[in-house]
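J.: one predicted model, sequence on top.
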Amino acid sequence: MDKLVQTADGSPTLWSGEFGESYHSVSAGALEEALKKFLLPSHLPFLVRERDGVSLLEVGFGLGYNLTVTAVELLKVNPSVRVRYWGLERSLSPLLWELRLPPPYGEFYELLKENLKRGKERFRIGPVEVNLLFGDARREVVRVEETVDAVYHDAFSPKRNAELWTLQFLEKLKERLRPEGFWVSYSAALPVRRALAVLGFEVFSTEPVGRRSPGTAATLRGRAVCERVRPLSEKERRKLETSPRAVPLEDPCLCLPREVIWENYLRRVSEREGKPLG
Ligand SMILES: C[S@@+](CC[C@H](N)C(=O)[O-])C[C@H]1O[C@@H](n2cnc3c(N)ncnc32)[C@H](O)[C@@H]1O
């Protein structure tokens with residue numbers, strides 16, 4: 001059963017009974033997180049200064065907060081912008097309908113919920129085209145019909161939602177991201193950063209929000225100009241190169257249960273540490 005929770009910036013989120021985690025950072029604030037961990041490091045606000053159309057793929061549509069904040073903020077920067085959004089999501093929480101967002105996000109959010117309530121999967125809200133692909137993201141990702149300017153990776157944590165953080169799934173995302181585009185996430189987990197590096201991404205840290213650890217941004221050929229995105233420190237780089245934990249999660253068939261993916265990872269870490277498991 002999901003539960004309603006209040007976050008630090010006053011916006012509500014849900015706590016997921018299935019995953020034992022909240023949908024957004026309670027200490028950072030749900031809307032703060034959408035803005036500072038996703039939208040700003042994605043570089044989309046820079047792009048729309050020069051372009052009237054951008055596209056975005058999100059792993060975990062969830063409550064639709066990242067989409068709402070992104071749409072409203074990009075329209076502030078460029079009122080003529082068109083945004084095409086692709087959201088991967090297994091299923092909507094039954095508590096979604098009880099959520100309300102404050103101005104300037106409330107109006108867009110109510111329109112979003114209205115469309116979802118009618119069971120729509122592809123619809124428009126003004127200049128924003130929303131495409132939702134329901135089902136296991138590992139299967140549905142191939143239905144994204146274009147290469148996008150940014151990927152928001154907002155699954156639950158790698159430990160609880162391992163199937164969405166593997167080398168093989170990240171490779172599917174890479175295939176759908178333009179080389180100049182940015183992949184962004186709240187997570188700085190070593191297996192995820194290692195997988196990105198193995199796939200040829202340049203990996204950056206993003207400014208921490210509401211906690212000490214940073215998030216991650218990564219790009220194949222993009223130029224990091226956002227002040228919230230910085231190169232890895234010497235310490236971070238060394239950890240990524242030498243820590244036994246810096247080994248990707250693996251799911252070669254894109255079909256393994258999340259618990260198996262995590263257990264296999266722990267086994268490989270303990271082999272690298274030279275210690276027996278448990
Ligand atoms: C942290 S929440 C996303 C919050 C969302 N980005 C927002 O702005 O409100 C993670 C989401 O990933 C979804 N999810 C978890 N495992 C999945 C899977 N295998 N396939 C598709 N969606 C999944 C969950 O249902 C949940 O809605």
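T.: All right, it came through fine.
J.: if I look at E263, how far off is V26?
T.: Counting by CB to CB, to the nearest Å, the gap from E263 to V26 is 28 Å. Heads up, the C-betas are built off the backbone N, CA and C, glycines and all.
J.: quick one: secondary structure of A150?
T.: Three-state call for A150 (DSSP: H, G, I helix; E, B strand; the rest coil): strand.
J.: for A218, same thing?
T.: Per three-state DSSP, A218 ends up strand.
J.: quick check: closest non-adjacent residue to it.
T.: Nearest residue to A218, sequence neighbours excluded (CB to CB, 6 or more residues apart in numbering): F201, at 3.9 Å.
J.: wait, the one you found touches G222, no?
T.: No - with contact defined as CB atoms under 8 Å, F201 does not reach G222; the gap is 9.8 Å.
J.: can you map out the helices along the protein?
T.: 30-33, 44-50, 65-77, 106-117, 137-140, 167-175, 190-198, 234-242, 258-273 (DSSP state H).
J.: including mean neighbour count, could those go into JSON lines?
T.: Putting the helices of the chain into JSON lines (neighbours: other CB atoms under 10 Å) gives the following:
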{"stretch": "helix 30-33", "mean neighbour count": "25"}
{"stretch": "helix 44-50", "mean neighbour count": "17"}
{"stretch": "helix 65-77", "mean neighbour count": "22"}
{"stretch": "helix 106-117", "mean neighbour count": "17"}
{"stretch": "helix 137-140", "mean neighbour count": "18"}
{"stretch": "helix 167-175", "mean neighbour count": "18"}
{"stretch": "helix 190-198", "mean neighbour count": "22"}
{"stretch": "helix 234-242", "mean neighbour count": "12"}
{"stretch": "helix 258-273", "mean neighbour count": "15"}
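J.: how about those in a markdown table, adding mean pLDDT?
T.: Below are the helices of the chain laid out as a markdown table (pLDDT from 0 to 100):
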| stretch | mean pLDDT |
| --- | --- |
| helix 30-33 | 95 |
| helix 44-50 | 97 |
| helix 65-77 | 98 |
| helix 106-117 | 98 |
| helix 137-140 | 98 |
| helix 167-175 | 98 |
| helix 190-198 | 98 |
| helix 234-242 | 97 |
| helix 258-273 | 97 |
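J.: in CSV: those, plus distance to the ligand.
T.: Formatted as CSV, the helices of the chain follow (distance: least, CB to the nearest ligand atom, whole Å):
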stretch, distance to the ligand
helix 30-33, 7
helix 44-50, 15
helix 65-77, 4
helix 106-117, 10
helix 137-140, 4
helix 167-175, 9
helix 190-198, 14
helix 234-242, 24
helix 258-273, 8
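J.: among these, which is nearest V151?
T.: helix 167-175 (5.3 Å; CB to CB).
J.: nearest residue to F61 in space, please, no chain neighbours.
T.: Nearest residue to F61 in three dimensions, chain neighbours excluded: G87, at 3.4 Å (CB to CB, 6+ apart).
J.: enumerate every residue touching the one you found.
T.: Taking CB atoms under 8 Å, 6 or more residues apart in numbering as the criterion, G87 is in contact with L57, E58, F61, G64, L67, V130, N131, L132, L133.
J.: list the beta-bridge partners for it.
T.: E58, L132 (DSSP bridges).
J.: same deal with L4?
T.: Those that pair with L4 in a beta bridge, by DSSP bridges, are L14.
J.: need the contact partners of stretch 115-132.
T.: By CB under 8 Å, 6+ apart, stretch 115-132 touches 61, 64, 67, 71, 75, 80-87, 89, 92, 96-97, 108, 111-112, 133-134.
J.: picking up where we left off before, contact partners for the residue nearest to A218?
T.: K174, W183, A218, T219, L220.
J.: who wins on neighbours among these?
T.: Sorting those by how many neighbours each has (other CB atoms under 10 Å) puts A218 first, at 29 neighbours.
J.: that residue bridge partners, please.
T.: A218 has these beta-bridge partners by DSSP bridges: W183, V203.
J.: start and end of stretch 133-149, how far apart?
T.: 18 Å (CA to CA, to the nearest Å).
J.: go through it and flag the buried ones.
T.: By 16 or more other CB atoms under 10 Å, the buried positions in stretch 133-149 come out as L133, A137, R138, E140, V141, V144, V148, D149.
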